[in-house]
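Asker: quick one, structure for this:
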Amino acid sequence: MRHGIEGLLARDLVDLSHETPAQLNQLRRTPSAALGSCRHKLNEQDVEVVLECLRELEVDAFLYAGGNDSADTTHRLGRAAHEAGLKTRFLGLPKTIDNDLPEMDHCPGFGSAARFVAVATQEIGTDTAAMRRTDPIRLIEVMGRDAGWLAASSALGRRSPEDAPHLVLLPEAPLSTEETMRRIQDVHSSIGYAVIVLCENQTAADGAVLGSEAGPEFVDSFGHPYFASPAMYLARRIRGELGLRARVDPLSRLQRSSIALRSPVDAKEAEALGRAAVKMALDGETDQMLTLQRVSDNPYRSEIGRTAIELIANRQKLLPAEFISSDGSGPSEAYLQWLRPLVGARIPRHRRYI
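Answerer: Next up is the predicted model:
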């Protein structure tokens, strides 16, 4: 299906059975989604159209990769197909850099995105240290709609209090805007600059997204609101209240599509999940979501499991309390120890004379 379920609704399908080994190897090195993506919530008419397509095409198995919304799509179709007497099997594969799916240790895609965020934060931190006399405050905005897994990964390369990030704002441990401003000022007073990481929908202590007074800019078909940049809101307050120049670096789409910093652990697990899903479908299993479960840390080893897909659909896994520092300023050491095996090689360390 091109562009997910929208491709099936439009009968926009591509036959991959003739791909050569060379083309498949090229696919392994291709970022983003080679078949395209979508964000489409099925209505009842859509479900009937999909079932008719499955009948006509004599589809044996429907495998759908994505997050909790994609799990909802797969579960709804599986239930409708069963009621209609179709023999099609329905399986979900986890795939989200937000890492917010329950019933599993982590999700494919997250390890690579986490490595990108950690490396980018160290590089931006080194640049901010160099430019502190003119641009002393840097705000890095990352993805993660309601969960702080990716924002927390920014601290993986930090080895001293002077290293970035100096403050990581997490949706699971929101601070008041006043406390955030006080901490930024304290860091600047102490070392002369500050790097702050926050999520794209970062909230304040009152639960409202920072700078959301005007309401969401966009609400998708699943009801998820998207707001104007919280980082830009904080930057304006920093400039106005602290008198410091603040610049914003949104990592935007690059954090989920950079192939250069892909984690080899992540790539290996993602391919293994795909192979396992095909085998499960051939074995007749249905209405399941594949999972990644950690077996050991040293040496790191994971195994593929499965769970009922209804346990994933429309549910979200947030950072647990033990993965958040006691003062709410970022991730705990327990989180960083959990994360290290997923990102591959150590984050590079930079040398400075300032």
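Asker: show me the contacts for the closest residue to residue 90 other than its chain neighbours.
Answerer: For residue 90, the nearest residue in space outside its immediate sequence neighbours is residue 78; the separation is 3.4 Å by CB to CB, 6 or more residues apart in numbering. Using the backbone N, CA and C atoms, a C-beta is placed for each residue, glycine as well. Residue 78 makes contacts with 62, 90, 286-287, 309, as judged by CB atoms under 8 Å, 6 or more residues apart in numbering.
Asker: one more pass at 7 Å, please.
Answerer: For residue 78, the contacting residues are 90, 286-287, taking CB atoms under 7 Å, 6 or more residues apart in numbering as the criterion.
Asker: would it count as being in a helix?
Answerer: Yes. Secondary structure assignment (DSSP: H, G, I helix; E, B strand; the rest coil) places residue 78 inside a helix.
Asker: for stretch 125-135, which outside residues touch it?
Answerer: Counting contacts by CB under 7 Å, 6+ apart, the residues outside stretch 125-135 that touch it are 138, 163-165, 192-193, 195, 245, 247, 350, 352, 354.
Asker: likewise stretch 204-218?
Answerer: Identification of contacts with stretch 204-218 by CB under 7 Å, 6+ apart yields 174-177, 201-203, 225-228, 230, 233-234.
Asker: lowest-confidence entry in those residues?
Answerer: For the contacts of stretch 204-218, the weakest pLDDT value sits at residue 226, with 78.
Asker: which parts of the stretch 101-250 of the chain are strands?
Answerer: Residue ranges of the strands in the stretch 101-250 of the chain, as given by DSSP state E, counting those that start in this stretch, are 137-142, 167-168, 194-199, 218-219, 225-226, 246-250.
Asker: state the distance from the residue nearest to residue 90 to residue 287.
Answerer: The span separating residue 78 from residue 287 equals 5 Å under the rule CB to CB, to the nearest Å.
Asker: thinking again about what came up before, JSON lines for the contacts of stretch 125-135, including pLDDT, neighbour count and distance to residue 320?
Answerer: Written out in JSON lines, the entries for those read as follows (pLDDT from 0 to 100; neighbours: other CB atoms under 10 Å; distance: CB to CB, whole Å):
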{"residue": "138", "pLDDT": "98", "neighbour count": "28", "distance to residue 320": "29"}
{"residue": "163", "pLDDT": "96", "neighbour count": "19", "distance to residue 320": "25"}
{"residue": "164", "pLDDT": "98", "neighbour count": "27", "distance to residue 320": "25"}
{"residue": "165", "pLDDT": "98", "neighbour count": "30", "distance to residue 320": "20"}
{"residue": "192", "pLDDT": "97", "neighbour count": "14", "distance to residue 320": "34"}
{"residue": "193", "pLDDT": "98", "neighbour count": "23", "distance to residue 320": "31"}
{"residue": "195", "pLDDT": "98", "neighbour count": "28", "distance to residue 320": "25"}
{"residue": "245", "pLDDT": "97", "neighbour count": "15", "distance to residue 320": "37"}
{"residue": "247", "pLDDT": "97", "neighbour count": "18", "distance to residue 320": "33"}
{"residue": "350", "pLDDT": "92", "neighbour count": "13", "distance to residue 320": "31"}
{"residue": "352", "pLDDT": "89", "neighbour count": "10", "distance to residue 320": "34"}
{"residue": "354", "pLDDT": "89", "neighbour count": "9", "distance to residue 320": "37"}
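Asker: could you dump these into JSON lines with distance to residue 52 added?
Answerer: Rendered in JSON lines, the data for the contacts of stretch 125-135 read as follows (distance: CB to CB, whole Å):
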{"residue": "138", "distance to residue 52": "53"}
{"residue": "163", "distance to residue 52": "57"}
{"residue": "164", "distance to residue 52": "54"}
{"residue": "165", "distance to residue 52": "51"}
{"residue": "192", "distance to residue 52": "65"}
{"residue": "193", "distance to residue 52": "60"}
{"residue": "195", "distance to residue 52": "54"}
{"residue": "245", "distance to residue 52": "59"}
{"residue": "247", "distance to residue 52": "53"}
{"residue": "350", "distance to residue 52": "58"}
{"residue": "352", "distance to residue 52": "63"}
{"residue": "354", "distance to residue 52": "66"}
